[in-house]
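In: Please find the sequence and the predicted model below.
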Amino acid sequence: MTPRRSSFTGFLLVLLAATVFACTSPAKAESRPNRMPTPAVLQSDAPKQGLDFVVGAHGLDSLSFNGQSLLVSPETGELRPQKSVFRAVLEAILARPSPRVATPSKQTNTVDLSCPWGRVSCAYGKQDDRLTMRIEVSNTSEEPLDDFSIRLMELNFPRVPDGGTLEAGMFGFGFKGPEWPLNRWPPSISSVADPRFVVPIVRADFGTGTLNFCSDDLECSVGIPHTTNPSDGTSYPLVMTCRDIKPGETKTFNVSLRFARAGSDTQELSRDVLERYAGKYPSQLNWTDRRPIGAIFLANSGINAATNPRRWSFNAGNIDISIEAGRRSFREALLRLADYAISLLKRTNAQGMITWDPEGEEFLGECYYGEPGLVSRFAPEMEFKGNGEKSVIDEYFEKFRAAGLKVGVCIRPQPVEMVDNKPVHQAADDERALQVLKEKIADAKNRWGCTLFYVDSTATAGRSLEPDVFKKVADAYPDVLLIPENESMRYFAYSAPLNSYVHHKITSTPVGARTVYPKAFSVLMASDGDRPEDHAALIDSVRRGDILLFNCLYNEAGAEKIRKIYLEAGRMGTSDR
């Protein structure tokens, strides 16, 4: 029993530490159970069929839309610091009453929070069916306030609301718009709308109405992070998060709750926020060629032969790069493969091709390497010249360019280091990733004239790279098409992210991206063409400017399907519109 007692004592010490740093106020010691209603500081004049709310001493005492109450009690309308999940669970275990953390302000319609590091003040207002909150955060301490979250209120909906953020997501999720029940929101997509990545709007359609939770000035994150009653999934905190407030600095944030009838779309409720976001982060992608792109994979992980260590798949894998005759055979087979690929690309009127693995696939755990500058080190047979003056890899790319086709390669934002004679990708933060991408693009452009770049593994520390990484790469190389693997909404301002039809049945650019950037487009991997049930959807996608990526080596039937899609879409030409 002793270990259990010691563990629980430590548990309480952690709790004590947490409360020391929590925001407090003179009202903190006040008992809760028999709380009398606080006289309203502000009673809105809105009719019952619209937005109606009462501002009390500690936040909202009531909130309703079209007669539907959305607060269980005044406590759920209080302004308070957002608790961590740990602290919320601990208080529930100990049945510890939740203290008041907000105090009335002398200023009408305003509530203050006092914190060890400074002060938070929230002024409530009303514009038609819009509840506005002007939140002022003052850091009076000597330390920077890196991250601070405020629970503005906790709403109780009549049913599980549908909605979420407009984030594009990763790996094929989030592409039909925010239409999931909030308690089953895909874990691959954040429930927080961070303006660094996505327009800061969270939508909730609750049956008797629709709510858009917005950061009006794009200065803070907004989120509906989780349900507080998992069994029903009807109660949710509305949380704003501000960042980077320096010592002695005061910042102001404007957020709003915008209500409308059930089924109202995001454009209807938040057009000004969408336009403001597109204005702050304008699209700068100017790639008019929307014809298909061919994908080429030169190696295959299933090949295992001592004479073919890079696992080259052409010539049925029967390659011996250890002898002169074998290297000549390798060269002839690679150039013959290029001729075949060119014939398929021409048949589909493709704009070009991307070669994923010119370095081969010797070390399977680190493929694809995404290191065009290290081809000679990873696959020295690619530098074989035979009787000519050019390396075979240079001849390979030159064949495509001579046929009037664009060429490209796979790159990664992580640098490669040799560990125990094996290449290992090293973690890279945003700044390092930017440097690496620019260096690799320069290598491939200078040597092979590459303008198409699939960017593999565009993530760091559990999130996609900052969109500013791709903005800066696009600034440096405005004549290339960046095709990142993992995306956030803002990527569409600078690139055409890759998404997979063949793996996830994604048939178009995500709704969220086109809500902000109407001309946004994706590169959709349709390796073997389409299925009959998706034929019409892919035709529509191509008409709207999406690019199909197909296998241009071994599947003539798939290439023919791609050709027919573009033909039926009326997009066999070279330009967008």
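Out: Alright, I've got the coordinates. Residues are numbered from 1 along each chain as shown.
In: I'd guessed Ser313 sits against Ile296; true?
Out: No. Applying Cβ atoms under 8 Å, one finds Ser313 not in contact with Ile296, separated by 10.6 Å. From N, CA and C alone the C-beta is placed, and that goes for glycine too.
In: What helix or strand is Gly279 located in?
Out: helix 266-280 (DSSP states H and E).
In: My guess is Val416 contacts Val424. True?
Out: Yes. With contact defined as Cβ under 8 Å, Val416 and Val424 form a contacting pair (6.9 Å).
In: So which of those two has more stuff around it?
Out: Val416 (21 against 14; other Cβ atoms under 10 Å).
In: dump the residue contacts of Glu136.
Out: Arg119, Val120, Ser121, Cys122, Ala123, Thr250, Lys251, Thr252, Phe253 (Cβ atoms under 8 Å, 6 or more residues apart in numbering).
In: And the pLDDT for the residue nearest the centre of the chain?
Out: Computing the C-alpha centroid of the chain and ranking residues by Cα atoms, centre = their mean puts Ser488 first, at 2.6 Å. Model confidence at Ser488, given as pLDDT, is 88.
In: Phi and psi next, for the residue lying closest to Ile319 once chain neighbours are set aside.
Out: If the residues on either side of it in the chain are set aside, Ile319 comes closest to Asn308, at 4.4 Å by Cβ to Cβ, 6 or more residues apart in numbering. Main-chain torsions, Asn308, degrees, to the nearest 10: phi -130, psi 60.
In: quick revisit: what's next to the helix holding Gly279, contact-wise?
Out: By Cβ under 8 Å, 6+ apart, helix 266-280 touches 166, 178, 195, 199-201, 203, 210, 212, 214-218, 258, 260, 515-517.
In: let's go with 6 Å and repeat that
Out: Applying Cβ atoms under 6 Å, 6 or more residues apart in numbering, the contact partners of helix 266-280 are Val199, Ile201, Arg203, Asn212, Cys214, Arg258, Ala260, Val516.
In: Rounded mean pLDDT for the host helix or strand of the third one, please.
Out: Put plainly, it is Arg203. Element membership for Arg203 (DSSP H and E) is strand 201-205. Per-residue pLDDT over strand 201-205 has a mean of 95.
In: Over to stretch 297-309?
Out: Rounded mean pLDDT across stretch 297-309 is 95.
In: For that stretch, buried residues please.
Out: Phe297, Leu298, Ala299, Ile303, Asn308, Pro309 (16 or more other Cβ atoms under 10 Å).
In: between the residues you listed, which is closest to Phe550?
Out: Phe297 (12.2 Å; Cβ to Cβ).
In: related to what we said a few turns ago, just how off-centre is the helix holding Gly279 within its chain?
Out: 18 Å (Cα atoms, centre = their mean, to the nearest Å).
In: can you check stretch 564-577 too?
Out: Computed by Cα atoms, centre = their mean, the chain-centroid distance of stretch 564-577 equals 29 Å.
In: Could you do stretch 63-82 as well?
Out: Counting by Cα atoms, centre = their mean, stretch 63-82 comes out at 31 Å from the chain centroid.
In: could you list every residue that touches the nearest residue to Lys471 once chain neighbours are set aside?
Out: With sequence-adjacent residues excluded and distances taken as Cβ to Cβ, 6+ apart, Lys471 is closest to Tyr494, at 5.0 Å. Counting by Cβ under 6 Å, 6+ apart, Tyr494 touches Leu285, Phe470, Lys471, Ala474.
In: Same check on Ser191?
Out: Trp185, Gly223, Ile224, Pro225.
In: in terms of contact, does the third one touch Phe206 like I think?
Out: In other words, Ile224. No. Under the criterion of Cβ atoms under 6 Å, Ile224 makes no contact with Phe206, lying 11.3 Å away.
In: Helices of the stretch 301-450 of the chain, residue ranges please.
Out: Using DSSP state H, counting those that start in this stretch, the helices found in the stretch 301-450 of the chain span residues 324-347, 375-378, 392-402, 430-448.
In: Of all these, which one is nearest Leu553?
Out: With respect to Leu553, and counting by Cβ to Cβ, the nearest of the helices of the stretch 301-450 of the chain is helix 324-347 at 5.7 Å.
In: For Ala459, which non-adjacent residue is spatially closest?
Out: On the basis of Cβ to Cβ, 6+ apart, the spatially nearest residue to Ala459 that is not a chain neighbour turns out to be Asn486, at 5.1 Å.
In: ignore the last one, Asp289
Out: Asp289 sits nearest to Gln351 (Cβ to Cβ, 6+ apart), 4.7 Å away.
In: Neighbours of that neighbour, how many?
Out: 21.
In: Spit out the contact partners of it.
Out: Asp289, Arg291, Lys406.
In: do you know how far the nearest residue in space to the last one that is not next to it in sequence is from Phe363?
Out: Meaning Lys406. Closest residue to Lys406 apart from its sequence neighbours, by Cβ to Cβ, 6+ apart: Gly352 at 2.9 Å. According to Cβ to Cβ, to the nearest Å, Gly352 and Phe363 sit 28 Å apart.
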